[in-house]
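# Just need the structure, nothing else, for what follows:
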Amino acid sequence: MISPEGASEIADSRQHGDPECVAALPRFLHTADWQIGKPFRNITDPQKRFRLQQQRILSVSRIAAVAEEHNVDAVLVAGDLFDSSTVPSAVVMEVLEVIGSMNRPVLVIPGNHDHGGAGGVWQRQDVQRQLKERAPLMQLLLKPEPVLIDHALVLPCPLLRQRDSEDPSAWISQLDWQDLAEDCPRIVLAHGAVHGFGSTDYNQDSAGQSERINRIDLDMIQHGQVDYIALGDWHNLKQVGDRAWYCGTPEPDRFDQGDQDQRGQVLVFDIDRGTCPVPKSVSTAGLHWHNLRVQLRTTSDLDRLERTLQQRIGSRVGGDLLRLEINGQLSLREYQRFDALIEVLRTQLLHVRIKGTCHRRPGQEELRAMTDRSEDHLISSIALQLKGELENLEPTKSLTTEQQSEAELIELALCELHRLCSESSLNN
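Residues are numbered from 1 along each chain as shown. Next up, the predicted model:
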């Protein structure tokens, strides 16, 4: 057994290409939840939707580059390599071609999206044929039984159904450990929820899903007998035990939720029998998902928003998605500026989602331009009437749905009235 200090020295030597140290401590790459073929139905533009789908394929090339750079002995895919059983054959072919180029063992278990049972993607004849032809070093592990490779013993826990009430790792607790090589590092490869969290579908709210579906009971796995538990299903990077890790998705798939939200990476770890590996996170993300919350009330707020967008996105085109949560109230001129900014972003970015409402109401000068019209008393009286009705429906108050709709109609009427006044002034 190698001490943690010795392991660190070997890892450093191996990283710098010392040939005598390459075989001293096995190194693995842990990844999961590629979900190749994800449809991204909420993206309406077909070209942008294709770019999102293509990035997931490109992430496999980035994983291959990480495997080569870190000289790993094998790649471990903890389920959901594909998103569904209906992935187009051309996409299957492209992905398996990249996997074949890794020139090292790639061990894959099926997850809930690409389960290994009847009707699943792995049972398709075209997939089986392409797997043999394009990725001969890839091993699809469909049986819950120990798999001995050159540098470790892998204990796979494949899902053979999309939703299974039985623990896919239960078979491990029945092993006779004396029948296994004592000095060979042992790695559990599993896909499912742990300790009541996990997700079987990130396009749906998982709160109503049964905790027992695809549930892995880590307490049933004798931690003294295994050295690393490589998990998939949870799309964030998360440690759930001293030797158990969710690696997260290699390509982000949703808007970030703060500092604890870590997507877009793989884990690389060195392992020795009886030690606790410390995996290293390596970025593989190609796209940037931004989540901003802003209050808009003044020109300064708009300036601040533009500076933030410039810092995060800049002039980059087709590489970002934005969720913008807004509230507040702007003058008509300020709202026009905000609206123009959003239109530019919708063209520049792959997706823009606006949450919340920013009210638009005439500022003092804009109101005077409508109410102080001695030459047109009708417009002045209408503007004053609309202004009074709107003041009775302040957006800061608790309004019913009907009152909110009424306020929005009055705001729209004032905007149209201001536009007519502006056009009239230009014509005169």
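# Now residue 112: phi and psi?
phi -80, psi -30 (degrees, to the nearest 10).
# The residue nearest to residue 114 when sequence neighbours are not counted and residue 322, how far apart?
Spatial nearest neighbour of residue 114, excluding adjacent residues (Cβ to Cβ, 6 or more residues apart in numbering): residue 82 at 4.1 Å. The C-beta positions use only the backbone N, C-alpha and C, and glycine is treated the same way. Separation of residue 82 from residue 322 (Cβ to Cβ, to the nearest Å) stands at 28 Å.
# any idea of the pLDDT on the most centrally placed residue in the chain?
What sits nearest the mean C-alpha location of the chain, by Cα atoms, centre = their mean, is residue 253, with 2.5 Å. In this model, residue 253 is scored at 86, pLDDT.
# quick one, what contacts it?
35, 38, 202, 235, 263 (Cβ atoms under 8 Å, 6 or more residues apart in numbering).
# close enough to count as contact, residue 387 and residue 367?
Yes - using Cβ atoms under 8 Å, residue 387 is in contact with residue 367, at 6.4 Å.
# okay, these two: which has more neighbours?
Between residue 387 and residue 367, counted using other Cβ atoms under 10 Å, the more crowded position is residue 367 (19 against 16).
# Isn't that one up against residue 383?
Yes - counting by Cβ under 8 Å, residue 367 touches residue 383, with 7.1 Å between them.
# and stretch 286-306, how far apart are its ends?
By Cα to Cα, to the nearest Å, the extent of stretch 286-306 from end to end equals 23 Å.
# For it, could you pull out the residues that count as buried?
By neighbour count, with 16 or more other Cβ atoms under 10 Å as the criterion, the buried positions of stretch 286-306 are 286-291, 294, 296, 301-302, 305.
# and stretch 400-418, what's its mean pLDDT?
Here the average pLDDT along stretch 400-418 is 75.
# secondary structure class for residue 30?
Following DSSP: H, G, I helix; E, B strand; the rest coil, residue 30 is assigned to strand.
# Just give me the neighbour total for it.
Neighbour count of residue 30, defined by other Cβ under 10 Å: 25.
# Please enumerate the helices of the protein.
With DSSP state H as the criterion, the chain has helices at 4-15, 46-69, 89-100, 125-134, 299-312, 332-348, 364-371, 377-391, 401-427.
# May I have stretch 90-100 as PDB, with CA atoms only?
Provided in PDB are the C-alpha atoms of stretch 90-100 (Å, rounded to 0.1, in the frame of the first residue of the first chain):
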ATOM      1  CA  ALA A  90     -25.700   9.300 -37.000                       C
ATOM      2  CA  VAL A  91     -25.200  10.700 -33.500                       C
ATOM      3  CA  VAL A  92     -24.500   7.300 -32.100                       C
ATOM      4  CA  MET A  93     -21.900   6.800 -34.800                       C
ATOM      5  CA  GLU A  94     -20.200  10.100 -34.100                       C
ATOM      6  CA  VAL A  95     -20.000   9.600 -30.300                       C
ATOM      7  CA  LEU A  96     -18.700   6.000 -30.600                       C
ATOM      8  CA  GLU A  97     -16.000   7.300 -33.100                       C
ATOM      9  CA  VAL A  98     -14.700   9.700 -30.400                       C
ATOM     10  CA  ILE A  99     -14.800   7.000 -27.700                       C
ATOM     11  CA  GLY A 100     -12.800   4.700 -30.000                       C
END
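# Check the offset of that stretch from the chain's centre.
With Cα atoms, centre = their mean, to the nearest Å as the basis, stretch 90-100 stands 22 Å off its chain's centre.
# Any figure for the gap between residue 417 and residue 385?
11 Å.
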